[in-house]
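# what shape does this take:
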Amino acid sequence: MTTFNRPRQPGASLARHPAPRITRFEPIPTAYARGRKAPFRMDLSDVLTADEYREITDAGSMSFHCIGDTGGVKNPEPQKLVEQGLEQSLHTGNIAPSLRGASMASAFCYHLGDVIYYNGEVSEYFAQFYDPYEHYPLPIVAIPGNHDGEPLNAEATSLEGFYRNFLALKAADGKSTFTPESRDSGRPAMTLPFFYWTLTTPFATFIGLYSNVPEHGRLDNQQRAWLHSEMAAADATKALIVAVHHPIYSFDDHHSDSPTMAKELQDAINVFAAGAEHGAECARA
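Here you go, the predicted structure:
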């Protein structure tokens, strides 16, 4: 019996080398933007019942859950434990049994992206999103992360899974929209206005960015202009929250913080401040 041995590659076997990733800037597919017009705004009342919304305004305060990087592709247990903690927080401490019956009861969940690892695949939405949050009772709104937009290969369409499950079209009869990915979970798809969008609530304005695929993120000119416009248009009597997937400050030892997004936010603040100062000068004149 003859045995053939292939020479080992320097460093490691080729089988251990991951396939090259596509981490370039990915423009939002034209088909996904068709029919959607700025300023891409949605009010919290669109995802809550009238009674739930009234409880918030009557209480004079609002609370929400915030999560990110949840896709449990390697091991779903940590994701499920966090989900159980979110559920328990609705029933413990000063939280009323009616879920939102107390001023500190969370009203919704804001997801900061990377819903699905590693490439936002439609086929992974049940395992990584609908199944883990099957018993979570609150609406989940979101902005995409880099893994939601990173194509699996050259033939794949960026953001396809996120588009199907978070930017679903509203049903003509007003009923909830369900995608095949949700199976029997009972969670409807969200009908968000766009990939970057503004959420208005009784006490805060959330400007959600899509920082795209590249390391540390990137905004194109169109989204940058939109950000500046939305900051200027935000209700000055409410808190202003800018949400982005790539963190401006981070103690993570793998990606660390994003100087790119830090500059984008600081530039937006400078533009906003200059506009406010100009308005004040005009008022004094």
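
# helix, strand or coil for Asn212?
Classification of Asn212 by DSSP: H, G, I helix; E, B strand; the rest coil places it in coil.

# ok, and what's touching the strand or helix carrying Gly161?
For Gly161, the host element (DSSP states H and E) is helix 160-166. With contacts defined as Cβ atoms under 8 Å, 6 or more residues apart in numbering, helix 160-166 is touched by 29, 32, 115-116, 120-122, 124-125, 129, 141-142, 144, 148-149, 179, 181-182, 189-190, 192, 195. From N, CA and C alone the C-beta is placed, and that goes for glycine too.

# contacting residues around the strand or helix carrying Phe64?
Here Phe64 sits within strand 63-67, counting by DSSP H and E. Under the criterion Cβ under 8 Å, 6+ apart, residues 82, 86, 89, 103-112, 138 lie in contact with strand 63-67.

# buried ones among the contacts of helix 160-166?
Buried by 16 or more other Cβ atoms under 10 Å: 32, 115-116, 120-122, 124-125, 129, 141-142, 144, 148-149, 179, 181-182, 189-190, 192, 195, out of these.

# which of the contacts of strand 63-67 count as buried?
86, 103, 105-112, 138.

# least confident of those residues?
Minimum pLDDT for the buried ones among the contacts of strand 63-67 is recorded at Ser103 (49).

# contacts only, for the closest residue to Glu26 other than its chain neighbours.
Excluding the flanking residues, the one nearest Glu26 by Cβ to Cβ, 6 or more residues apart in numbering is Ser158, at 4.0 Å. Contact analysis of Ser158 by Cβ under 8 Å, 6+ apart lists 26-29, 120, 149-151, 213.

# where do the helices sit along the stretch 101-250 of the chain?
125, 146-149, 160-166, 221-233 (DSSP state H, counting those that start in this stretch).

# so which of those helices gets nearest Ser250?
Shortest distance between Ser250 and these, using Cβ to Cβ, is found for helix 146-149: 14.0 Å.

# packing partners for the closest one?
Here helix 146-149 touches helix 160-166, going by 3 or more Cβ pairs under 8 Å, 6 or more residues apart in numbering; DSSP states H and E.

# thinking again about what came up before, which one of the helices of the stretch 101-250 of the chain lies nearest to Ile22?
Ile22 lies closest to helix 146-149 among the helices of the stretch 101-250 of the chain, at 9.9 Å (Cβ to Cβ).

# give me the nearest residue to Arg224, chain neighbours excluded.
Among residues not flanking Arg224 along the chain, Glu264 sits closest, at 6.8 Å (Cβ to Cβ, 6+ apart).

# what of Tyr53?
Excluding its sequence neighbours, the residue lying closest to Tyr53 (Cβ to Cβ, 6+ apart) is Ser45, at 4.8 Å.

# what about the one you found, how many residues close to it?
A total of 16 residues lie near Ser45 under the criterion other Cβ atoms under 10 Å.

# wait, a strand at it?
No - assigned with three-state DSSP, Ser45 falls outside any strand and is helix.

# which of the buried ones among the contacts of helix 160-166 fall within strands?
141-142 (DSSP state E).

# residues in contact with Glu230?
For Glu230, the contacting residues are 39, 198, 207, by Cβ under 8 Å, 6+ apart.
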